[in-house]
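> with the sequence up front, the predicted model follows.
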Amino acid sequence: MEKLREYWVPKVLGEMERVIVGMQDPDMGVKMRNQRLLITVIPHAMTGSDIVEWLIQKFSISEEESLHLGNLIVKHGYIYPLKDPQCLVLRADDSPYRFQTPYFWMSTKWPAAELDYAIYLAKKNIRKQGDLIEHEKDYYNQLHKKINHTWDFVVMQAREQLRAAKQRRKGDRIVIECQEQAYWLVNRPPPGVLNVMEQGPERGNCYTTRVQMTKNMDFYKREIEYCKKAMGRTRVKSSICLEAYLKFNDQYMPHDPIMSGCLPSNPWITDDTDYWSMNAPTVTTPTKLRVERWAFNFGELLGDPLGHIQFMEFLKKEFSAENLSFWEACEDLRYGEQSKIAESVDSVYQQFLAPGATRWVNIDSKTMEKTLEGIRRPHRYVMDDAQMHIYMLMKKDSYPRFLKSDMYKTLLAEAVIPPETKKRVFPFMRKQRHSSPSPALLLPSEQDPKGEDKNKALASAAGGGEG
Amino acid sequence: MCDQTFLVNVFGSCDKCFKQRALRPVFIRSQQLSYCSVCAALMAAEGLHENETLASLKSEAESLKSKLEEERAKLHDVELHQVAERVEALGQFVMKTRRTLKGHGNKVLCMDWCKDKRRIVSSSQDGKVIVWDSFTTNKEHAVTMPCTWVMACAYAPSGCAIACGGLDNKCSVYPLTFDKNENMAAKKKSVAMHTNYLSACSFTNSDMQILTASGDGTCALWDVESGQLLQSFHGHGADVLCLDLAPSETGNTFVSGGCDKKAMVWDMRSGQCIQSFETHESDINSVRYYPSGDAFASGSDDATCRLYDLRADREVAIYSKESIIFGASSVDFSLSGRLLFAGYNDYTINVWDVLKGSRVSILFGHENRVSTLRVSPDGTAFCSGSWDHTLRVWA
């Protein structure tokens, strides 16, 4: 059993109650009428379809959404059915429903006490002369064992409540019985029925007392320091920032499979994995969209395994491939194992920074001095400045040249536009879904530190076996 | 003349310790606070000077915060939906469940995609963590954690390992093996140790570092191999519920959201909080970066999702509807960032037009809360996990 929260109630209940109050508004609320149940007349009832219609009008939503929301309201016990009261379901027809009395609202009377439930079951037991429903019988017996010492009190209260009820008019009696039953259906749902009051593990927010995060002087000092720093930061005008979203949207829309579809087809829709094989990390002929994307920004080119390889080839022609190799080595250092840091730093130094190094990179003297100083006490961020310097060099210099190069132009010209998958003649016959080798099958090896084998595995994994 | 009562018994949250107690008014520097008897007694014992300082710090912090808001507002010259008027409206939107993954015996709490665009890892309340090829719906690996409520799981970038954790306060890494003779649990590596539940975890750019968020109010960066704590991030005033790493290849930042209603952006290298946003009215359950890295979205128990721009340093959009009264548990963007998919506690998924601020579509199907939602790495689909024990892939 989850630990019960004593003073905290889910925010959503407050919201539901606001809806309920709106529904009961004498002018703008749901149409209410008298409902005949056999020979008794129950006042202030409404039909399921009226509830659904009211929600549609109030929130400008579809019937499906209205029915869904209405059902949740019923499941939380704020509205209960008069016919078939065991079933807390909203039907969009002329089935009668009533508003639950605030006494039984989740926010006023939760968590439900065992003693109260015992009294309720005892009453039912007496009225039905022992003929309770299966799960209620089980609960009854469980409680009898658990709070056995209070049982005399329970039975006495049950008898008294039944006696008091007999004084009431039949109509009122039926209503109170329905109200009580609805309340207990929500708090003790029968097996197989969703328990709407189920919560996740307790959270330490401002309402619970579990977490001891007192707002002491340190907390406020930190807030003050943060605010002071934040006051001085440079901000960009909204109009400029928001324009950037439009630009990004225009650029990337055609590349968004959910927005614009994808060629030859979306594998999830057609069961055809060609899209994945054609866009595998390393293919001989990339698609046009993919090659175009490398021109969006430097990050796109570097981030795409194929783009990365092509860029390296280009740099080799320009005799500046050591820049990219240096950047890669710095990435390995930044994201590498803690125990190997000193080793990594030394390796980078020997290959790229030491005087006479085979792949010496050209960094400005100030950064070089700072880096060499930092190497004395190696840590994973020691190459950050040098790495950034080389990154900006590639971004501002080599990258624009790459985009203007014959190499890139050829790649673009030779890139394929896959034809759209022809609609299947027998669309109801599902294509066989082929499995693919898991990337976990190819474990990292000593001989493959850059994970090129892994890339191949990912390639065949994404592509799908025979698909 | 009857006696008039001017003193009323107030019961509520103490201004100092936040416990629910009977309160009495306490005056500090002409400001009235409400303390419980314990705190009032402590305060009396501590002497006047220190408490004056606490109250004055609190009011200084508050006035600075409102000055900061004024500063932020100065540069806010236009709203997102105004700018977006020029953008074409989206047409009819049809997304259906293309795969349903059944196999968890209890609530699904978290899921993550593998870089191969088809495999996923999911975790549930009963401690089971399953790796699926969601395209074929075959289960490939399964491991049972020694704790319940596994609220966090993540796939390693290489596809060779998974990480998970929950009420055990730890984050453990399991290498994935197909060797029938090997028990996956045998090779388990215990990496992170928090003092409260693990709510979220994510690998960085490699298999060798993990970033975690916890109910103990902190986030932390760990070295997987040694389990060493590399950096910790303090600043949230309550449980941290979610985190997301920035997509930039130069950046070293991540955003976290918590029960203190704050979303905070952190520098991974220094452990400092760079930016902080506090506009939600309740717990923030999910944060996710916009694909460009210049903004992030959040989903909260206050039934809204919001977009925060990092350069403008403010909230720039709210995604809400009067008919949506249940909290948003999980959010993610489509590849172009035009759509925001949000899973809610009312069992539905709402699809929002990020630029125009309107709701594009509502997806029904799950029979209980949607607890987790992620778009696939190539944007062809998204996967949702629910308390109804299933996962669904939508496209």
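The structure has been received and is ready for your questions. What you see is a predicted model; the values in this text were computed from it and never measured. Numbers count the residues shown, from 1 in each chain, chains lettered A, B, ... in the order given.
> show me which strand runs longest in chain A.
strand A:40-47 (DSSP state E).
> direction included, what does it pair up with?
Next to strand A:40-47 in the sheet, as set by DSSP bridges, lie strand A:33-37 (antiparallel), strand A:96-99 (antiparallel).
> dump the first one to CSV, keeping only the CA atoms.
The C-alpha atoms that make up strand A:33-37 are tabulated as CSV, following Å, rounded to 0.1, in the frame of the first residue of the first chain:
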residue,chain,number,x,y,z
ARG,A,33,-34.4,17.3,-14.7
ASN,A,34,-36.2,14.8,-12.5
GLN,A,35,-35.4,11.2,-13.2
ARG,A,36,-37.8,8.4,-12.7
LEU,A,37,-36.3,5.2,-11.3
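> pLDDT of it, averaged?
For strand A:33-37, mean pLDDT rounds to 81.
> quick one: buried residues of it?
A:35, A:37 (16 or more other C-beta atoms under 10 Å in any protein chain shown). C-betas here are computed from N, CA, C, even on glycine.
> rewinding a little: need the strands paired with strand A:40-47 in JSON lines with distance to A:Glu373, can you?
Listed next are the strands paired with strand A:40-47 as JSON lines, based on distance: least, C-beta to C-beta, whole Å:
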{"stretch": "strand A:33-37", "distance to A:Glu373": "86"}
{"stretch": "strand A:96-99", "distance to A:Glu373": "75"}
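> tell me which of the ones you listed lies nearest to A:Val193.
Counting by C-beta to C-beta, A:Val193 lies closest to strand A:96-99 out of these; the figure is 18.1 Å.
> average pLDDT across whatever helix or strand comes next after that closest one?
Tracing the chain past strand A:96-99, the next element assigned as helix or strand by DSSP states H and E is helix A:114-127. The average of the pLDDT scores along helix A:114-127 is 92.
> now do the buried residues in stretch A:140-151.
A:140, A:143.
> contacts for the longest strand of chain A?
Residues outside strand A:40-47 that contact it (C-beta atoms under 8 Å, 6 or more residues apart in numbering or on different chains): A:30-36, A:82, A:93-99, A:170-171, A:174-175.
> the domain parsing of the chain - what is it?
You didn't say which chain, so I picked chain A. Using the TED database, the domain parsing of chain A gives A:1-104, A:114-187, A:280-414.
> my bad, the chain I had in mind was chain B
Domains of chain B are assigned by the TED database as B:9-46, B:98-394.
> okay if I get those domains as JSON lines plus mean neighbour count?
As requested, those are exported to JSON lines (neighbours: other C-beta atoms under 10 Å in any protein chain shown):
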{"stretch": "domain B:9-46", "mean neighbour count": "15"}
{"stretch": "domain B:98-394", "mean neighbour count": "22"}
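> now render those domains as a markdown table, adding mean pLDDT.
Formatted as a markdown table, these follow (pLDDT from 0 to 100):
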| stretch | mean pLDDT |
| --- | --- |
| domain B:9-46 | 80 |
| domain B:98-394 | 96 |
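> what's the closest of those domains to A:Asp25?
Per C-beta to C-beta, nearest to A:Asp25 of those: domain B:98-394, 15.3 Å.
> centre of chain A to the edge, which residue is at the far end?
In chain A, the greatest distance from the average C-alpha position (C-alpha atoms, centre = their mean) is reached by A:Gln167, at 53.4 Å.
> what about the strands in the stretch 201-350 of chain B?
B:209-214, B:219-223, B:229-233, B:240-245, B:253-258, B:263-267, B:273-277, B:284-289, B:295-300, B:305-309, B:314-319, B:328-333, B:339-344, B:349-353 (DSSP state E, counting those that start in this stretch).
> now the third one against strand B:273-277, angle please.
Here the directions of strand B:229-233 and strand B:273-277 differ by 40 degrees (axes from the mean of the first three to the mean of the last three C-alpha atoms, to 10 degrees).
> equivalent analysis for the fourth one, please.
Angle between the axes of strand B:240-245 and strand B:273-277 is 120 degrees (criterion: the same axes, to 10 degrees).
> who does strand B:240-245 touch, helix- and strand-wise?
With contacts taken as 3 or more C-beta pairs under 8 Å, 6 or more residues apart in numbering or on different chains; DSSP states H and E, strand B:240-245 sits against strand B:198-203, strand B:209-214, strand B:253-258, strand B:284-289.
> hmm, the last one touching chain A?
No - shown here: strand B:284-289 not in contact with chain A (C-beta under 8 Å from any C-beta of the partner chain), separated by at least 9.9 Å.
> of all the residues in the stretch 251-400 of chain A, which ones are close to chain B?
Contacts of the stretch 251-400 of chain A with chain B, taken as C-beta under 8 Å from any C-beta, map to A:252-253, A:255-259, A:262, A:266-269, A:273, A:275-276, A:279, A:299, A:302-303, A:331-332, A:334-339, A:380-381, A:384, A:388, A:391.
> compare the domains of chain A and say which comes out lowest on pLDDT.
Least confident of the domains of chain A, judged by mean pLDDT, is domain A:1-104 with a mean of 88.
> just the element for B:Val173, please.
Here B:Val173 is assigned to strand B:170-175, by DSSP H and E.
> what about residue 372, which SS state?
Defaulting to chain A. With DSSP: H, G, I helix; E, B strand; the rest coil as the basis, A:Leu372 sits in helix.
> that answer is for a different chain, and I need it for chain B
Using three-state DSSP, the structure places B:Thr372 in strand.
> what sits closest to it if chain neighbours are left out?
B:Gly385 (4.2 Å; C-beta to C-beta, 6 or more residues apart in numbering or on different chains).
> before we move on, back to that, between strand B:219-223 and the strand holding B:Val173, find me the angle.
Interaxial angle of strand B:170-175 relative to strand B:219-223 (the same axes, to 10 degrees): 40 degrees.
> need the residues of the stretch 51-200 of chain A near chain B, please.
Near chain B, when you scan the stretch 51-200 of chain A using C-beta under 8 Å from any C-beta, you find A:55, A:58-59, A:61-62, A:64-65, A:68-69, A:72, A:194, A:198, A:200.
> which residue lies nearest the spatial centre of chain A?
Central residue of chain A (C-alpha atoms, centre = their mean): A:Gly200, at 14.8 Å.
> is it correct that that residue is in contact with B:Trp149?
Yes - counting by C-beta atoms under 8 Å, A:Gly200 touches B:Trp149, with 7.4 Å between them.
> before we move on, back to that, turn the strands of the stretch 201-350 of chain B into CSV, columns for distance to B:Arg118.
Shown next, in CSV, are these (distance: least, C-beta to C-beta, whole Å):
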stretch, distance to B:Arg118
strand B:209-214, 23
strand B:219-223, 28
strand B:229-233, 32
strand B:240-245, 22
strand B:253-258, 26
strand B:263-267, 31
strand B:273-277, 35
strand B:284-289, 21
strand B:295-300, 25
strand B:305-309, 27
strand B:314-319, 29
strand B:328-333, 17
strand B:339-344, 19
strand B:349-353, 20
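> out of those strands, flag the one nearest A:Arg233.
So among those, strand B:273-277 is nearest, using C-beta to C-beta, at 8.0 Å.
> since that was my last question, I'll sign off now.
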